[in-house]
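K.L.:
model the structure of this input:
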Amino acid sequence: MTPRAALAQGIQSLGMSVSAGDQEKLLAYLELLAKWNKTYNLTAIREPLRMISHHLLDSLAVVPHLRAGTLADVGAGAGLPGIPVAIVEPERRVTLNDASQKKTAFLRQALIELGIPNADVHAGRVEEWQPRQGFDCVISRGFAELERFIAACRPLLAPGGVLVAMKGTYPEDELRRVPAGADCSEVRRLQVPWLDA
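P.N.:
Numbering: from 1, shown residues only. Presented below is the predicted three-dimensional model:
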């Protein structure tokens, strides 16, 4: 199966509607990631079909569950899930955050080359970030354990905003250690095509 076919089939399995143009942009993002990965080691996953399932479809699976409004992707690394979200939701403002200069250089270049006007990059440690306005949703894909994620990212939220932590497995131990006053009762299992996690 080609990456293009795998992406189209995976999007259909997720029950999403993504235009052909946006699908091409998602594939162009993976090509750019693969190119930069040779020099900057942005991801350990290098096989095209695994990049479709583990990067694109994993990122897209969360989209139907996100609260409307602004989104901050904290510890964005190579731009996951923030770049795929920004591509398929052009009306949503997305800010990608990472402390690594090489990763933020890639993120800036990706936004320019792919023509993603609704996203920008904030370089620096999340603990020191003081945005002018809070975000409706702050998401992380493997940034930190829940306790640290909540402590570092709660100040980034707008009133009524939510934190979204993407985890590969049910984080039972982490949930026991969350700080008082953090409501982590809403845990959703995502079904990602070709990914058993």
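K.L.:
all contacts plus neighbour counts: C-alpha atoms, from now on.
P.N.:
OK.
K.L.:
mind checking the backbone torsions on Met16?
P.N.:
According to degrees, to the nearest 10, the main-chain angles of Met16 amount to phi -100, psi 160.
K.L.:
all further residue positions should be reported with the first residue as 754.
P.N.:
Got it, first residue is 754 now, which makes that one Met769.
K.L.:
so Lys855 sits right up against Tyr793, yeah?
P.N.:
Yes. Using CA atoms under 8 Å as the test, Lys855 is close enough to Tyr793 to be in contact (6.9 Å).
K.L.:
which one of the two is surrounded by more residues?
P.N.:
Neighbours were counted for Lys855 and for Tyr793 using other CA atoms under 10 Å; Lys855 has more, 16 against 13.
K.L.:
give me the distance between the more buried one and Leu819.
P.N.:
Between Lys855 and Leu819 the computed distance is 28 Å (CA to CA, to the nearest Å).
K.L.:
skip the chain neighbours and tell me the closest residue to the most centrally placed residue in the chain.
P.N.:
With distances taken as CA atoms, centre = their mean, the residue of the chain nearest its centroid is Pro834 (1.5 Å). Nearest non-adjacent residue to Pro834, counting by CA to CA, 6 or more residues apart in numbering: Ser812, 4.5 Å away.
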